[in-house]
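Student: one predicted model, sequence on top.
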Amino acid sequence: MKDDAVHVGRDSKGPQAAPGDAVAELNDRAALQILISEHASLSSARSLAYNEAFTRGDMFLGFLSMSLVALALIAQAVPAPELPKIAALVFAFDLIVGLTSFGRILAAGYEDYLAVHGMARIRHGYRQIEPTVRPYITSSANDDLTGVMLSYGSPPTRGGSAVLYGVTTSSGMMTIVISMLAGVLAFLVALIAGASVVGGLIAGGLAMVAVFAALAYVTFRYYMRKQAVIPVLFPTPEGE
């Protein structure tokens with residue numbers, strides 16, 4: 001009976017577990033089950049973040065499309081001199097909706113990053129528990145920026161290439177659409193104020209560039225600030 005009791009105790013704590021040994025602690029069946037549950041939870045959280053980002057983007061683009069259709073119908077019923085004022089009012093409302101959607105998509109992207117960060121850390125635990133599975137884990141097991149970005153296909157994080165990559169993301173697409181919307185709104189406001197068409201185009205172009213730069217800067221600062229407070233436990237080894 002004593003031998004059986006010792007055998008059961010070793011199974012529950014791992015083979016010949018030593019106190020304070022991190023790997024032996026992870027070998028505990030309860031600890032492994034917690035890691036698996038947490039991995040599944042993070043995977044679900046990532047799916048929710050993706051769905052929310054896509055849904056908010058679709059809602060904004062759908063709202064913008066309906067606004068354009070409504071303006072086309074209104075244009076047939078109101079005098080031409082009044083149309084720029086109505087269009088400016090509609091586009092101002094569209095811009096507000098677009099900015100709020102952009103903010104939520106940006107936050108959803110960060111939530112997705114956190115989920116990927118957590119799963120990388122858990123995969124590191126799997127590799128500690130059973131080193132023989134290392135060749136079969138294709139996703140990153142390091143929780144620093146370099147390691148997490150491997151799960152996104154190792155996109156550039158600095159320089160001009162990072163800017164080009166950024167405009168292909170959901171928040172980047174929203175930045176482009178919102179910037180163009182701001183440019184059109186500035187053009188209409190300039191016309192209402194009495195500017196010429198050329199003056200309106202200049203005002204619209206400047207507004208578009210300014211809004212694009214502002215949103216790009218906000219995105220960069222947001223992620224840099226968040227990245228600075230995320231603890232890194234398992235950085236990518238040099239040369240890996």
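Tutor: Thanks, I have the structure now. Numbers count the residues shown, from 1 in each chain.

Student: switch to C-alpha atoms for all contacts and neighbour counts from now on
Tutor: Will do.

Student: Val78 sits in which helix or strand?
Tutor: Using DSSP states H and E, Val78 is not contained in any helix or strand.

Student: quick one: low-confidence residue ranges for this protein.
Tutor: Counting by pLDDT under 70, the chain has low-confidence residues at 1-27, 239-240.

Student: would you map the helices across it?
Tutor: All helices of the chain, identified by DSSP state H, fall at 2-13, 22-26, 29-75, 83-129, 145-150, 159-166, 170-192, 197-229.

Student: any idea how far Ala31 is from the nearest residue to Ser154 once chain neighbours are set aside?
Tutor: Nearest non-adjacent residue to Ser154, counting by C-alpha to C-alpha, 6 or more residues apart in numbering: Thr146, 7.6 Å away. Distance, Thr146 to Ala31, by C-alpha to C-alpha, to the nearest Å: 27 Å.

Student: got it, and Ala141?
Tutor: 18 Å.

Student: and these two? Which one has more around it.
Tutor: Taking neighbours as other C-alpha atoms under 10 Å, Ala141 and Ala31 compare with Ala141 leading, 26 against 13.

Student: how close does the more buried one sit to Pro79?
Tutor: Using C-alpha to C-alpha, Ala141 is found at 64 Å from Pro79.

Student: what's the answer for Arg221, then?
Tutor: 45 Å.

Student: which one's more surrounded, those two?
Tutor: The residue with more neighbours, out of Arg221 and Pro79, is Arg221; 12 against 9, by other C-alpha under 10 Å.

Student: state the distance from the more buried one to Ala228.
Tutor: 11 Å.

Student: kindly report the same for Gly118.
Tutor: 16 Å.

Student: okay, the two: which has more neighbours?
Tutor: Set Gly118 next to Ala228 and count neighbours by other C-alpha under 10 Å: Gly118 wins out with 20 against 9.
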